[in-house]
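*Asks:* make a model of this:
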Amino acid sequence: MLSGRPGFRFVPALEADVISASMTMPQGSPVETTGEAVARLEAGASRLRQHLLAETGRDHFVHVLAVVGDQPMAARGSGPITPVVGVASSTENLVNLLLSDPETRRGFHWIEYQYEPFDYTPEGTARSKGSVDMAIILDQDRDTYLAYECKRLNELRDDGRRSLAGRYVTDGLSRFVEGQYSDNLPVGCMLGYVLDGDVQYAAARVRAAIVERGQEVALDMMPRDDIAIGVATRFYSRHLRGSKGAVIEVRHALLPM
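*Replies:* Have a look, this model is predicted:
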């Protein structure tokens, strides 16, 4: 306007479709304090969502993501977050749902998506054992946890349905038996996402796959029915670990999608 001419922008700026908030905690902050701060941010996002829904009659939110120890917006740039699909998004949504529940937050130390357990080399160097899809952390040292490995079942394709029960066993259950997950812990969990909703068929195929691969997964007790919770079909199996007679009980829960 100093030149006497009105300003003009050929491509006007558009409102961003991502809202982000970040905070920096003091070094050494307790896990509980950080968790409470994250919960306040999530609660604020929830209040905003309800306010916009009441005001406009439309849900403007696609998802809410909270990350501790990373800067997702800085890493991805200023554009919108690309949503992921499949097991990863289902498990991530489940973790976010559990973390938003006050009873769950009071009952457990922390729930983490893509939890990374560690062990040590003979020289005493820490090393990663890979990432388990979800873990309920039960102590502040993060050594005691309930691991959940998540797998797809009953995938529909043009040439028919694939149960994927074999992969459920060889790429999931076997990791508990080998000690990659839940090492020195008595219990581990498998979560099956039944893509076509036919949980009865999925359960039959998974149980048969466990028995067929009984030697591979050191089957010590045949799969047995467990108490159903909600829509989940549940059963459990028991497996030997190593030559010292240690056992691990694996709880299986199959969810219709």
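
*Asks:* just the strands in the stretch 101-250 of the chain please.
*Replies:* Secondary structure of the stretch 101-250 of the chain (DSSP state E, counting those that start in this stretch): strands at 110-115, 118-120, 126-128, 132-137, 145-153, 155-157, 160-162, 187-194, 219-225, 233-241, 246-256.

*Asks:* how about those strands in a markdown table, adding mean neighbour count and mean pLDDT?
*Replies:* To be clear about C-beta, it is placed using only N, CA and C from the backbone, and glycine gets the same treatment. Output for the strands of the stretch 101-250 of the chain, formatted as a markdown table (neighbours: other CB atoms under 10 Å; pLDDT from 0 to 100):
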| stretch | mean neighbour count | mean pLDDT |
| --- | --- | --- |
| strand 110-115 | 20 | 84 |
| strand 118-120 | 11 | 74 |
| strand 126-128 | 8 | 74 |
| strand 132-137 | 23 | 88 |
| strand 145-153 | 22 | 92 |
| strand 155-157 | 11 | 87 |
| strand 160-162 | 13 | 90 |
| strand 187-194 | 23 | 94 |
| strand 219-225 | 14 | 95 |
| strand 233-241 | 19 | 95 |
| strand 246-256 | 19 | 94 |
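
*Asks:* please enumerate the helices of the stretch 51-200 of the chain.
*Replies:* 72-76, 87-99, 102-107, 165-168, 174-177, 199-212 (DSSP state H, counting those that start in this stretch).

*Asks:* okay, the ones you listed, which one's buried deepest?
*Replies:* Highest mean neighbour count among those (mean count of other CB atoms under 10 Å): helix 174-177, with a mean of 22.

*Asks:* next one: it to chain centre, how far?
*Replies:* Distance of helix 174-177 from its chain centroid, counting by CA atoms, centre = their mean, to the nearest Å, is 18 Å.
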